[in-house]
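Undergrad: please find the sequence and the predicted model below.
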Amino acid sequence: MSLLLSHELGEFQIGKIFNDNKKTITSLDFDDTGEFCLTTSKDESLRIYNCLDGNKKYGCNLARFTHKSTNVIHSSTKEDDQIRYLSFHDNKYIRYFKGHTKRVVNLQVSPVEDLFLSSSLDGTIRLWDLRQSSSVGLLTIPTNFSKNQTKSCVAFDPSGLVFAVGHDSRCVRLYDCRNFDAGPFLTDDISQQSNYTLSSTEIFEWHSLEFSKDSEKLLISTNGNNSIVLNGENLDFEYIVNGYNNNAGMELEASFTPDCKYILCGSQDGLINFWDINDGRHICALPGTFTEEDSDEFAFTKIGSKVLLETIQTERSKYNCFTDHVANFLQHLHREGVTKEIMSEKFKELKVHYALPKLLELAKTDNADIIILSDSNTFYIETILKSNSLESYIKCIVTNPGAFDENGCLIVNRRTTIDNPHNCKNCQLNICKGTELLTIIKDCSYEKVFYFGDGKNDYCPSTKLSAADVTFVREGYALEKMLESEELSKLVKAEVVKWKDMNDLVFYFERLNGINKERL
């Protein structure tokens, strides 16, 4: 196994993207071999993926592999809050673990034995043996620092002999797994340590713990925009890792790399951040998406405050057109003091997928015109293109006009005005993409059109294409769902090509240009 150097982290690229889940992924775990990845989602599905060939093997709120790659334990979000032991090989439940009276929020399997820990909102932590349905140990978490019971989190150290408990978002306790009835052998309220550097506004709820593989560090993940690193032996505070976006308060789980050299964590904006484990120095941020995050949604969550988000959500019903809703949001931003310079800097953080420049280069090689037909606005799109050095590839942008007024407020208007409606039932009030596409085709006399889309507003332009054209439909998104209807799909004459990630599109055009005969 070769050592990974810090400068090589920035060269990592997306190998495969799965869009199987309809709702947010809630947990992710690898088996002991690293060959299989287990996910659970708010859509109540549990899936296993083969990491070597990128295939989904099977299709709950929280799940963990046992020491067998075909067996998992998972918590239940319904009924009795029990933990279930599932065999994929036999397609049946082996055992049910009963005891918790409220939702289970943490599951950790011992690295060396068939034991696991669970923590629950009922204020207890239980130790279980996979071979019996009742717990073999029970701890009640003290509420020393607050009147109400708070979420607790647990973690085994690599030896399996010690486990840590974090609670009240300030206290960590270490227990001997063989004699935990005797109580913790080490307890520390880290908020009282002299070098603890977090202010009251930077303290967030803890939701997970993890020891590094060498036991030297203990990592605490929060629902804020920082994670805490302690000494794994004496619980001394060491440093904070931060600099990632989590304004939405998501339960992002930071983790150590297996070689104990780096810490990594995702973020609300899809970036995967890396820090040096020795000093917490931020090394790089990798794109976890290819800017499939909607630009309007990016502005809402990246630039808007939590209070503003709540405000505009309550005002959403006032507007029958989403563009008007965005315009209202931008007025609020201006009143909060957000300037053009601030917005420009924020949108520079929205990075495109690493394969997009290659795709655009392929199109240019074939002398194709690249036109953006979007529901966004000119400021968002032009800023993103410029910050990623892609503006030279684009012939024109057809979207809602967006410009700053004399007071420095970004004004976004509908492309199709209220006075001159388009009357298309398939499109939003602000723009009919189908009409715009027909105008483009007529003005430029194109022999063949390749159209890329994924949303509901991409259905109308797909119906305007001829049999000589191609519409690329992204799997797992609204447009694909619409085309499952026989009534809707029969109006699309163009060839329909489905795609999952940007590499699929690159391969398609490489093959079209005779570059690749086979996919590797």
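TA: Here it is on my side, so go on. Residues are numbered from 1 along each chain as shown.
Undergrad: CA atoms for contacts and neighbours, from now on please.
TA: Noted.
Undergrad: how is residue 284 assigned, secondary-structure-wise?
TA: Following DSSP: H, G, I helix; E, B strand; the rest coil, residue 284 is assigned to strand.
Undergrad: pretty sure it contacts residue 276?
TA: No - Residue 284 is not in contact with residue 276 according to CA atoms under 8 Å; the separation is 9.8 Å.
Undergrad: neighbouring strands - and their directions - for the helix or strand hosting residue 208?
TA: Taking DSSP states H and E as the definition, residue 208 sits inside strand 206-211. In the sheet, strand 206-211 lines up against strand 217-222 (antiparallel) (DSSP bridges).
Undergrad: after the lowest-mean-pLDDT helix or strand in the chain, next one along is what?
TA: Lowest on mean pLDDT, DSSP states H and E among the helices and strands of the chain sits strand 55-58, with a mean of 51. Note on strand 55-58: by DSSP H and E, the next helix or strand toward the C-terminus is strand 63-65.
Undergrad: where in this structure is pLDDT low?
TA: Filtered on pLDDT under 70, the chain yields the residue ranges 1-17, 19, 21-22, 52-61, 77-79, 143-150, 200-202, 269-270, 287-294, 515-520.
Undergrad: helices of that one, start to end?
TA: With helices called from DSSP state H, the chain shows them at 6-9, 295-302, 306-315, 322-335, 340-347, 356-365, 378-387, 433-444, 459-463, 478-483, 486-489, 502-512.
Undergrad: which of those helices is buried the deepest?
TA: Compared across these, helix 459-463 shows the largest average neighbour count, a mean of 23 (mean count of other CA atoms under 10 Å).
Undergrad: run the chain-centre distance for it.
TA: Its chain's C-alpha centre and that of helix 459-463 lie 29 Å apart, by CA atoms, centre = their mean, to the nearest Å.
Undergrad: give me the number of residues near residue 141?
TA: By the criterion of other CA atoms under 10 Å, residue 141 has 20 neighbours.
Undergrad: distance of it from residue 166?
TA: Residue 141 sits 9 Å away from residue 166, going by CA to CA, to the nearest Å.
Undergrad: shared neighbours of the two, anything?
TA: Between them, residue 141 and residue 166 share these contacting residues under CA atoms under 8 Å, 6 or more residues apart in numbering: residue 152.
Undergrad: please name the nearest non-neighbouring residue to residue 414.
TA: Sequence neighbours aside, residue 430 is the residue nearest to residue 414 in space, at 4.6 Å (criterion: CA to CA, 6 or more residues apart in numbering).
Undergrad: now do residue 138
TA: That would be residue 126: by CA to CA, 6+ apart, it lies 4.6 Å from residue 138.
Undergrad: same question for residue 495.
TA: Closest to residue 495 by CA to CA, 6+ apart is residue 470, at 4.7 Å.
Undergrad: show me what contacts the closest residue to residue 104 other than its chain neighbours?
TA: Closest residue to residue 104 apart from its sequence neighbours, by CA to CA, 6+ apart: residue 120 at 4.2 Å. The contact partners of residue 120, by CA under 8 Å, 6+ apart, come to 100, 102, 103, 104, 105, 106, 151, 152.
Undergrad: would JSON lines of these with neighbour count and distance to residue 396 be doable?
TA: As requested, the contacts of residue 120 are exported to JSON lines (neighbours: other CA atoms under 10 Å; distance: CA to CA, whole Å):
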{"residue": "100", "neighbour count": "21", "distance to residue 396": "59"}
{"residue": "102", "neighbour count": "17", "distance to residue 396": "56"}
{"residue": "103", "neighbour count": "20", "distance to residue 396": "52"}
{"residue": "104", "neighbour count": "24", "distance to residue 396": "52"}
{"residue": "105", "neighbour count": "19", "distance to residue 396": "50"}
{"residue": "106", "neighbour count": "23", "distance to residue 396": "50"}
{"residue": "151", "neighbour count": "23", "distance to residue 396": "52"}
{"residue": "152", "neighbour count": "28", "distance to residue 396": "53"}
